[in-house]
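Sequence first, predicted coordinates after that:
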Amino acid sequence: MVTALVLLAGLCLQTCGELDRGGVGTSQMPTVYGTRDQHEYYEASGPTAAALFDAEVVLVRKTALTASGAYYNINVATTLAAYKAPLCPDEPFASQPTTGFCSGFKVGDNLVVTAGHCITNKRDCSTTAFVFGFRMADASTVVSRVPASDVYSCSAIVGRVQTSTNDWAVIKVDRAIAGHGNLPLRRSGAVQSDPLVAGLQVIGHPVGLPTKLADNASVRSAMHADYFEANLDTFGGNSGSAVVSVDAAGNLLYVEGILVRGNSDWEYDAARACNMSVFCDDTGCTGTDGAGWEEVTRTVKFASLVPAPPVCGDGACNGTDTCSSCPADCGACPVCGDGVCNGSETNATCPADCTCAPRTAACSTNAECCSGVCSLKTHRCK
């Protein structure tokens, strides 16, 4: 079962645990529900996984980065085994580095979303970098050298809330984010009442590890207006991770929320004298493992701070709108025979609409002249 790690406290310098249910900012350890459902970058396939890996970021302190020409090297000196020593020998990811302290994802040209307890004030903002592409290229290769173009600084806190039920932050970075797509936000309604939603996935950096995508989850409780609960396989470090819905075919629907709180993640195995992941049933944790599931702040709590993408029917021909995809905004596409020479029509493709005006003798050899205006100096039509 995948241990759901408790969310990171906002002022942690490296990897921390998720927030305890007992109070805001309380550091705690990891949790797994059912079977372990975490997948590496090189194991995932399909357009949904591609979009999620493309848009996610790890939050690191700038001191963890070293400039190297057009690249940055990420400090990967501390492994999971060292961080949770003594780590039980059957725990996965033992040799992988833990360097980040929270997760986040791109939602706009220069906007990233994370948990409110990850960036708490201007000092956090000034010391934090958002890094794309920290992942496993294969079973033994960590991508710890990334292009400088994939490293961004916190420029401003657009909005932020951190309470025991509502926890989010919208961050403006230092420049437009190039080469990465936005994840679509649910802006109205609720995940639990959407008939298209067949399951949930979460992407981020558990325990500050290279990116992990966890699937095979669902909404388990949705009684609160600020958050819902789900059996997501997450760890501390997943704070700020995008929790997304997919349809029955696995297609991405929306970011439904931000992973912010959860049950305990680690426990000490006295018989083996080592630390191991906490395992819970898919029906929830009980007893000393905590109660319930992982808690996810709903996107509707902050979506108004993120500009909505162009939508066909909004009255503007923009974004991906075209005359064929959105005639409501862009008008009907030119049709040969409508009496107007427009669009890509020419005399050659649509002589019915585009007739050549008379040409002067000096330009009569230019067979493509249709404007009727000629430069005698160049003998070319204008």
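Everything's here; your move.

Quick check: buried residues in the top helix by length along the chain?
Ranked by number of residues, the top helix in the chain under DSSP state H is helix 47-55. Of the residues in helix 47-55, 48-49, 51-55 count as buried by neighbour count, 16 or more other Cβ atoms under 10 Å. In short, each C-beta sits where N, CA and C put it, glycine included.

The longest strand anywhere in the chain pairs with which strands, and in what direction?
Longest strand in the chain, counting residues (DSSP state E): strand 151-162. Strand 151-162 has the following strand partners under DSSP bridges: strand 128-132 (antiparallel), strand 167-173 (antiparallel).

Please identify the deepest-packed of those.
Comparing the strands paired with strand 151-162 by mean neighbour count (mean count of other Cβ atoms under 10 Å), strand 167-173 ranks first with a mean of 26.

What is the distance between it and the centre of its chain?
When distances are taken as Cα atoms, centre = their mean, to the nearest Å, strand 167-173 is centred 13 Å away from the chain's centroid.

quick one: average pLDDT of that strand?
Average pLDDT, strand 167-173: 98.

Only C-alpha atoms, please: export it in PDB.
Taking Å, rounded to 0.1, in the frame of the first residue of the first chain, the C-alpha atoms of strand 167-173 are listed here in PDB:
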ATOM      1  CA  ASP A 167      -4.500  26.000   2.600                       C
ATOM      2  CA  TRP A 168      -3.200  27.300  -0.700                       C
ATOM      3  CA  ALA A 169      -0.900  29.800  -2.400                       C
ATOM      4  CA  VAL A 170      -0.800  31.300  -5.900                       C
ATOM      5  CA  ILE A 171       2.800  32.400  -6.700                       C
ATOM      6  CA  LYS A 172       4.000  34.800  -9.400                       C
ATOM      7  CA  VAL A 173       7.500  33.700 -10.700                       C
END
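
tell me the angle the longest helix of the chain makes with strand 128-132.
On the basis of axes from the mean of the first three to the mean of the last three Cα atoms, to 10 degrees, helix 47-55 is oriented at 140 degrees to strand 128-132.

same for helix 47-55, what does it pack against?
Counting contacts by 3 or more Cβ pairs under 8 Å, 6 or more residues apart in numbering; DSSP states H and E, helix 47-55 packs against strand 199-204, strand 212-217, strand 242-246, strand 252-261.

follow-up on the earlier one: what angle do the longest strand of the chain and strand 252-261 make?
70 degrees.

pull the helix or strand with minimum mean pLDDT from the protein.
strand 2-3 (a mean of 36; mean pLDDT, DSSP states H and E).

Going by residue numbers, what spans are strands in the stretch 1-150 of the chain?
2-3, 32-33, 38-39, 56-61, 65-68, 71-74, 102-108, 111-114, 128-132, 136-138, 141-142, 145-147 (DSSP state E, counting those that start in this stretch).

what's the closest of these to T346?
Nearest to T346 among those is strand 102-108 (39.6 Å), distances taken as Cβ to Cβ.

elements contacting the closest one?
When contacts are defined as 3+ Cβ pairs under 8 Å, 6+ apart, strand 102-108 sits against strand 56-61, strand 111-114, strand 199-204, strand 252-261.

For the shortest one, which residues meet the burial criterion?
Judged by neighbour count (16+ other Cβ under 10 Å), strand 111-114 contains these buried residues: 111-114.

quick revisit: Serialize the buried residues of helix 47-55 to CSV and add fields for distance to D338 and pLDDT.
What follows is the buried residues of helix 47-55, written out as CSV (distance: Cβ to Cβ, whole Å; pLDDT from 0 to 100):
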residue, distance to D338, pLDDT
T48, 41, 97
A49, 45, 96
A51, 39, 97
L52, 44, 98
F53, 46, 97
D54, 41, 98
A55, 42, 98
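
Which single one of the residues you listed is nearest to A303?
Once Cβ to Cβ is applied, the member of the buried residues of helix 47-55 that ends up nearest A303 is A55, at 15.7 Å.

hmm, back to that, dump the buried residues of strand 111-114 to TSV, plus pLDDT.
Formatted as TSV, those follow (pLDDT from 0 to 100):
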residue	pLDDT
L111	98
V112	98
V113	98
T114	98
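
Nearest to S155, out of the helices and strands packed on strand 102-108?
Closest among those, once you apply Cβ to Cβ, is strand 111-114, at 10.2 Å.
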